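A.B. asks: Got a sequence here, can you model it:
(one chain, ligands or ions: 1)
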Amino acid sequence: MHIDLSHQVVVVTGAGRGIGRSIAQAFHDEGARVVALDVSPGLLSVLEADGIADLCVPCDVTDVDQVRSAVETVVERFGRLDVLINNAGINIEGPVEDFDAGLWDRVFAVNVRGVFVTSQAVIPVMKEQGSGRIINAASFAAIIPSVGAAAYGASKAAVVQLTRVLASELGPYGITVNAYAPGMIPGEMNTFASLDEQAAAAKLDQLSVRRWGEPEDVAKLCLFLASDLSSYITGALLDVSGG
Ligand code: NAD
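C.D. replies: Residues are numbered from 1 along each chain as shown. Okay, the predicted model is just below:
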C-alpha cells in the first residue's frame with residue numbers, strides 16, 4: 001500500500017508561507033500538480049522561483065469573482081481539480097469586551113467565508129468528475145477556549161461544522177471533506193513572541209510528544225487525506241497537535 005498522488009491536481013489556498021507552503025511542497029514532492037493561491041503576489045513569486053508550484057494565482061479567498069476565475073484557470077490549464085486545501089486563514093486576537101466588530105468580520109471573512117466561497121467554486125468540477133477531496137484548516141482553538149481567541153476560535157468552530165455539512169452534501173458524489181486542527185506550530189501566525197522562556201517551557205510540557213509542531217506535520221496529514229488510503233473518512237476533524 002502506498003500513496004500515489006502523481007495524477008492529482010491540488011489547489012492550496014494561503015500557500016505563500018507557513019503551513020500552506022509546506023503543504024504545497026509536500027504535494028510537489030509526491031509528483032502532484034500544485035496550484036498555489038495566495039492574497040500576496042510577493043509570497044507567490046518566491047514560491048514560483050523555488051519551483052514548488054506549477055501555477056500561482058494571486059487570489060483573495062473572500063472574493064467570489066477572484067476565486068471563480070482562479071478555479072476556471074485551473075480547469076482550463078489541467079482539465080481537472082482533485083484536491084482543494086482551504087488553508088488560508090488569519091488570526092486577530094483580543095478580549096471580547098474591547099474587540100472591534102470590523103476585525104471580527106474580517107476574521108470570519110477569511111476563515112469561514114473563504115472556505116465557503118472556495119468550496120462552492122470547486123463543487124461543480126468535482127461533481128462532474130465523480131471524485132474530489134476538500135481539506136479545511138480548522139484549529140485546536142475550535143475546541144479549547146483561550147483568552148483573546150473569541151473571533152479566531154469561533155471562526156474555526158464554524159469551519160468544523162461547515163466541513164461536516166459539506167461532507168454530508170457531497171459524500172454521494174464521491175467527494176470527501178475533512179478538517180485538520182493544528183495545535184501550536186511556530187511561524188508568522190504563531191510566533192510565541194509574547195512568551196518568556198519559562199512560559200514557553202511550561203507550554204511545551206503540556207504537549208504529550210514534548211515538541212512544537214512543524215508545518216510538515218500538517219502537510220503529511222493532508223497527503224493522507226488526499227490519498228486513497230483515507231477514502232472512508234469524511235466529515236472528520238483530525239487533530240495534529242502533538243497530544
Ligand atoms: P500564516 O499566517 O503563516 O500563513 C497564512 C497564509 O494565508 C499567508 O500566506 C497569507 O498571505 C495567506 N492569506 C491570508 N489571507 C488570505 C486571503 N484572504 N486570501 C488568500 N490567502 C490569504 O499562517 P499558518 O500558521 O501557516 O496557518 C495556516 C492555517 O492553519 C491557517 O488557516 C491557520 O488558522 C491554521 N492554523 C495554524 C496554527 C499555527 O500554529 N500556525 C494553528 C492552528 C491552525
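A.B. asks: Contact residues of the protein facing the ligand?
C.D. replies: 13-14, 16-20, 38-40, 43, 60-62, 87-91, 110, 114, 137, 139-140, 182, 184-185, 187-190 (CB under 6 Å from any ligand atom). All C-beta atoms are positioned from the backbone trio N, CA, C, and that covers glycine.
A.B. asks: again, only this time at 5 Å
C.D. replies: Within reach of the ligand by CB under 5 Å from any ligand atom, the chain has these residues: 14, 16-19, 38-40, 60-61, 87-89, 110, 137, 139, 182, 185, 187-190.
A.B. asks: so where does the closest residue to residue 111 other than its chain neighbours fall, helix or strand?
C.D. replies: In space, residue 111 comes closest to residue 155 once its chain neighbours are excluded; the distance is 3.9 Å by CB to CB, 6 or more residues apart in numbering. Using DSSP states H and E, the element containing residue 155 is helix 150-170.
A.B. asks: From the residues of the chain next to the ligand, keep the buried residues only.
C.D. replies: The neighbour count (16 or more other CB atoms under 10 Å) marks 14, 16-19, 38-39, 60-61, 87-89, 110, 137, 139, 182, 185, 187, 189-190 as buried among the residues of the chain next to the ligand.
A.B. asks: For residue 133, give me phi and psi.
C.D. replies: phi -130, psi 130 (degrees, to the nearest 10).
A.B. asks: ok, back up a step: ok, then the element right after the helix holding residue 155?
C.D. replies: Next element after helix 150-170 (DSSP H and E): strand 175-182.
A.B. asks: Centre of the chain to the lowest-mean-pLDDT helix or strand in the chain, how far?
C.D. replies: Across the helices and strands of the chain, mean confidence by mean pLDDT, DSSP states H and E is lowest for helix 197-205: a mean of 89. Centroid separation between helix 197-205 and its chain, computed with CA atoms, centre = their mean, to the nearest Å, is 27 Å.
A.B. asks: Does anything pack onto the next helix or strand after that helix? Which helices or strands?
C.D. replies: Using DSSP H and E, the helix or strand that directly follows helix 197-205 along the chain is helix 215-226. Here helix 215-226 touches helix 18-29, strand 132-137, strand 175-182, strand 237-240, going by 3 or more CB pairs under 8 Å, 6 or more residues apart in numbering; DSSP states H and E.
A.B. asks: would a markdown table of these with mean pLDDT be doable?
C.D. replies: Conversion of the helices and strands packed on helix 215-226 to a markdown table gives the following (pLDDT from 0 to 100):
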| stretch | mean pLDDT |
| --- | --- |
| helix 18-29 | 98 |
| strand 132-137 | 98 |
| strand 175-182 | 98 |
| strand 237-240 | 98 |
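A.B. asks: For the closest residue to residue 95 other than its chain neighbours, which residues are in contact?
C.D. replies: Leaving aside its sequence neighbours, residue 95 sits nearest to residue 148 (CB to CB, 6+ apart; 5.8 Å). The contact partners of residue 148, by CB atoms under 8 Å, 6 or more residues apart in numbering, come to 93-95.
A.B. asks: Then residue 233?
C.D. replies: Per CB under 8 Å, 6+ apart, neighbours of residue 233: 176, 178, 225.
A.B. asks: re the thing from before, now intersect the buried ones among the residues of the chain next to the ligand with the helices, please.
C.D. replies: Residues of these located in helices (DSSP state H): 18-19.
A.B. asks: And the residue in the chain sticking out farthest from the centre, how far from residue 184?
C.D. replies: In the chain, residue 198 marks the outermost C-alpha relative to the chain mean, sitting 31.0 Å out by CA atoms, centre = their mean. For residue 198, the distance to residue 184 (CB to CB, to the nearest Å) stands at 16 Å.
A.B. asks: Count the residues that sit near residue 6.
C.D. replies: A count of nearby residues for residue 6, using other CB atoms under 10 Å, gives 9.
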